[in-house]
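1. model the following, please.
(4 chains)
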2 protein chains.
Amino acid sequence: MPVNKRIRRSPEEARQHILAVAERRLAELGLEGLSVQGVAEAAGISHANVIHHFGTTQGMRTALFMQMSAKLLADVDTALRADIPPDQVLGRLFGSLLESGHGKLLAWRMLANVELPTNEAGAQFQSIVNALGEDQAEAKRIVLLVAGVAMGIAICREPLQQMIGIDDSELSAFPGWLGDLLTAASDA
Amino acid sequence: MPVNKRIRRSPEEARQHILAVAERRLAELGLEGLSVQGVAEAAGISHANVIHHFGTTQGMRTALFMQMSAKLLADVDTALRADIPPDQVLGRLFGSLLESGHGKLLAWRMLANVELPTNEAGAQFQSIVNALGEDQAEAKRIVLLVAGVAMGIAICREPLQQMIGIDDSELSAFPGWLGDLLTAASDA
DNA sequence: TTTATTATTGACAATTATGTAAGTAAAGGA
DNA sequence: TCCTTTACTTACATAATTGTCAATAATAAA
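-> From the prediction side, this is the model:
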């Protein structure tokens, strides 16, 4: 006598449901939250069902990281394709990495032993470099600077803010300041 | 009849022995390598002995992260106290974070849910900010920029280099370029 | 309605991890 | 030499995790 009626989703819906829960747990609990058991319980299904959809724990994690990477790239792409001033582009890039938690995801992907197929991010970066002007070496350094500081702040925002003594309003003004700094440097 | 004579260390020696093994495992295996059982086996002792010295698993991890943080701060302090030009300070800071692997370890600390007592790093950062000139807000932004990009590159050096297309010589020239950029901006 | 497919579940086994308790042995001090 | 301390170990209990397998039920097709 089943008390609750069994919920039967399409494979794609089930996978999305599971991955959504996993993403939330990753943000809240870190890598330790990505156990099949924990995710299944939080998703209200049996852990065997998660195994059914992803094969193994690593399969689930890989699927999660791939999906989040795709989202991140889409966000970055949206931020960069828009016809807006450079400093605002920078701000949107920062927002994409900071607010959505994508930066932390990237860091996990770097640090965790998650083997993923190489994606097409390289080509996107190349297009950014090309769009930045004629001096390729300078453009590369600027991209490295922006991407690096975005990643660093994404991962270490809280301790850096606290230790340096930067409040939220100052932090939100930081991308604009950096944009001005770079435009001023390119003018000189 | 014990085949091997039992090794008895002083508490401090034992703790250092365990933490050294744990640090190596963290670098090689990530957070998953920081189980009491795994560390103990790699250290050639019983896992109960690890518990004896650190109380709990979290205790061991906390001790590890605290010690690594202390090492990192010592390195940064050494790099910053030397009387050398700003661009070289930046270079030494980068070197401290990149070559020693401390940047990655610091990132682990951010991503792991390890609650640590606030350390004295804030005061050091404050002294750096104060030394940077009269404009405190500007100094804070500069410190945030340098520290952020150092952390970001420490964690994501390899993929960033690959995707942007920066070779090692260009990367080693990057700190100097950033130093010039900042000094030029402060002049203007 | 009947049938076939398969998403889903509960039960099971195996492994691993954590922490406890009691006993053992190494080292220093009396 | 004896005694005390405690680092260390073995053994145990418990819980968590992973993955398998057979059974069940929801859904669509026939």
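
2. leaving out chain neighbours, which residue sits closest to A:Ala137?
-> Of all residues not flanking A:Ala137 in the chain, B:Glu170 sits nearest, at 7.0 Å (C-beta to C-beta, 6 or more residues apart in numbering or on different chains). Yep, even glycine has a C-beta here, placed from its N, CA and C like the rest.

3. pLDDT wise, what is that neighbour at?
-> Note on B:Glu170: pLDDT of 94.

4. which SSE is it in?
-> Here B:Glu170 is covered by helix B:168-187, with elements defined by DSSP states H and E.

5. close to DNA strand C: what parts of chain A are there?
-> With the criterion set to C-beta under 7 Å from any atom of the strand, chain A comes near DNA strand C through A:6-11, A:14, A:44-46, A:48-49, A:52-53.

6. which stretches of chain A form helices?
-> A:11-29, A:36-43, A:47-54, A:57-81, A:86-98, A:102-111, A:121-131, A:136-164, A:168-187 (DSSP state H).

7. got those helices as a markdown table, with mean neighbour count and distance to B:Ala27 columns?
-> As requested, the helices of chain A are exported to a markdown table (neighbours: other C-beta atoms under 10 Å in any protein chain shown; distance: least, C-beta to C-beta, whole Å):
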| stretch | mean neighbour count | distance to B:Ala27 |
| --- | --- | --- |
| helix A:11-29 | 17 | 22 |
| helix A:36-43 | 18 | 26 |
| helix A:47-54 | 16 | 28 |
| helix A:57-81 | 17 | 20 |
| helix A:86-98 | 19 | 25 |
| helix A:102-111 | 22 | 10 |
| helix A:121-131 | 15 | 25 |
| helix A:136-164 | 22 | 17 |
| helix A:168-187 | 16 | 31 |
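
8. can I get these in TSV with distance to B:Gln126?
-> Formatted as TSV, those follow (distance: least, C-beta to C-beta, whole Å):
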stretch	distance to B:Gln126
helix A:11-29	31
helix A:36-43	40
helix A:47-54	48
helix A:57-81	34
helix A:86-98	24
helix A:102-111	26
helix A:121-131	36
helix A:136-164	8
helix A:168-187	15
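
9. circling back to that earlier point, redo the residues of chain A next to DNA strand C as CSV? Include distance to chain B.
-> CSV is the format used below for these (distance: C-beta to the nearest C-beta, whole Å):
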residue, distance to chain B
A:Arg6, 34
A:Ile7, 31
A:Arg8, 34
A:Arg9, 31
A:Ser10, 33
A:Pro11, 29
A:Ala14, 27
A:Gly44, 24
A:Ile45, 25
A:Ser46, 24
A:Ala48, 23
A:Asn49, 24
A:His52, 24
A:His53, 23
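
10. ok, of the residues you listed, which one's closest to B:Lys140?
-> A:Gly44 (45.9 Å; C-beta to C-beta).

11. OK, contacts around that closest one?
-> By C-beta atoms under 8 Å, 6 or more residues apart in numbering or on different chains, no residues touch A:Gly44.

12. next up, phi/psi of it, please.
-> phi 80, psi 30 (degrees, to the nearest 10).

13. send the alpha carbons of stretch A:7-26 over as CSV?
-> These are the backbone C-alpha positions of stretch A:7-26, laid out as CSV (Å, rounded to 0.1, in the frame of the first residue of the first chain):
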residue,chain,number,x,y,z
ILE,A,7,6.4,10.2,-9.4
ARG,A,8,7.5,9.1,-12.8
ARG,A,9,9.4,11.7,-14.8
SER,A,10,10.8,11.6,-18.3
PRO,A,11,14.5,10.7,-18.3
GLU,A,12,15.4,14.3,-19.2
GLU,A,13,13.2,15.7,-16.5
ALA,A,14,14.5,13.3,-13.9
ARG,A,15,18.1,14.2,-14.8
GLN,A,16,17.4,17.9,-14.6
HIS,A,17,15.6,17.5,-11.3
ILE,A,18,18.6,15.6,-9.8
LEU,A,19,21.2,18.0,-11.2
ALA,A,20,19.3,21.0,-9.8
VAL,A,21,19.4,19.5,-6.4
ALA,A,22,23.0,18.6,-6.8
GLU,A,23,23.9,22.1,-7.8
ARG,A,24,22.2,23.5,-4.7
ARG,A,25,24.0,21.1,-2.5
LEU,A,26,27.4,21.8,-4.1
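
14. coming back round to it: between the helix holding B:Glu170 and helix A:136-164, how many degrees?
-> 60 degrees (axes from the mean of the first three to the mean of the last three C-alpha atoms, to 10 degrees).

15. how far off centre is helix B:168-187?
-> 23 Å (C-alpha atoms, centre = their mean, to the nearest Å).

16. over to stretch A:36-51?
-> 24 Å.

17. ends of that stretch, how far apart?
-> 7 Å (C-alpha to C-alpha, to the nearest Å).

18. quick one: that stretch near DNA strand D?
-> Yes - Stretch A:36-51 is in contact with DNA strand D by C-beta under 7 Å from any atom of the strand, via A:Val36, A:Gln37, A:Gly38, A:His47, A:Ala48, A:Ile51.

19. show the model's pLDDT score for the residue nearest the centre of chain A.
-> Central residue check for chain A by C-alpha atoms, centre = their mean: the C-alpha nearest the mean position is that of A:His102, 1.9 Å away. The model reports A:His102 with a pLDDT of 75.

20. now do it against A:Ile142, distance only.
-> 21 Å (C-beta to C-beta, to the nearest Å).

21. ditto for A:Leu72
-> A:Leu72 sits at a distance of 20 Å from A:Ile142 (criterion: C-beta to C-beta).
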